[in-house]
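*Asks:* pasting the structure only:
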């Protein structure tokens, strides 16, 4: 059984995706990560300034769902909290693969800060006015509006009442394709509608450039909770990638126990 070394690193050049076992199996079988819409907390954005509304006119602060695949560069000895939130299985990809697909680290903003309330808000405000002033029938008008939301897709609050998001060291892949005439985001109401959410996720998969495909060599390692799962995933790698037994076994591991 392979063992994992404890690391003193703050971050890694490689990139990690946390998930549940069934999802891990699906990812390996498909040889790709598939983006899907995720509901985001955007309370750190100064909507009053951007939309030039009063609190009464704005009402409830809107939340949006954006398409993405999420990763982290946390080293293994910092994974325990992440596992509780996202799943105990971790697939780690090479730095070269990360760069190939233009993954980007998330920008964490504090609500009310200079950047959140001024720089970001002004950029979004100008973009919003530009889109609203485009004549009806302008080609790809919705596509232009997507650039506004693209700013938000790489931004998260530093923390909220429940989570310190900064500790997650998140990286994202944001799909760009098939959005010329389709919205790049869903409202919270649309996201909570299963039919709309599933149709929107399906539309993402229609363009191959939205899919994060990988080879056997792109995988650095795969961590699973049990020895039984370790054996099963190694066998799946052999079958899926026509890999040799020793190479497949070297990719898969279980966590070190406290007494080992």
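*Replies:* Yep, it's here. Source: prediction; values computed, not measured. Numbers count the residues shown, from 1 in each chain.

*Asks:* next structured bit after the top strand by length along the chain?
*Replies:* In terms of residue count, the longest strand belonging to the chain (DSSP state E) is strand 64-72. Downstream of strand 64-72, the first helix or strand assigned by DSSP states H and E is helix 80-86.

*Asks:* list the buried ones in that following helix?
*Replies:* Using 16 or more other CB atoms under 10 Å as the burial criterion, the residues of helix 80-86 that qualify are 82, 86. Every C-beta, even on glycine, is put in place using the N, C-alpha and C of the backbone.

*Asks:* now that helix, how far from the chain's geometric center?
*Replies:* 15 Å (CA atoms, centre = their mean, to the nearest Å).

*Asks:* which other residues reach it?
*Replies:* With CB atoms under 8 Å, 6 or more residues apart in numbering as the test, helix 80-86 has contacts from 18-19, 72, 74, 90, 167-168.

*Asks:* Could you rerun that using 7 Å?
*Replies:* Outside helix 80-86, the residues that touch it by CB atoms under 7 Å, 6 or more residues apart in numbering are 18-19, 72, 74, 168.

*Asks:* And for stretch 53-66?
*Replies:* 37-43, 47-48, 51, 149, 153, 184-188, 191.

*Asks:* just the helices in the protein please.
*Replies:* Using DSSP state H, the helices of the chain run over 21-30, 47-51, 55-58, 80-86, 95-100, 114, 121-132, 141-153, 188-192, 194-204, 227-241, 245-251.

*Asks:* and residue 12, which of these is closest to it?
*Replies:* For residue 12, the closest of the helices of the chain is helix 95-100, at 8.5 Å, according to CB to CB.

*Asks:* Which neighbouring elements make contact with the closest one?
*Replies:* Using 3 or more CB pairs under 7 Å, 6 or more residues apart in numbering; DSSP states H and E, no helix or strand is in contact with helix 95-100.

*Asks:* Counting neighbours, which bits of it end up buried?
*Replies:* Buried residues in helix 95-100, defined by neighbour count with 16+ other CB under 10 Å: 97-98.
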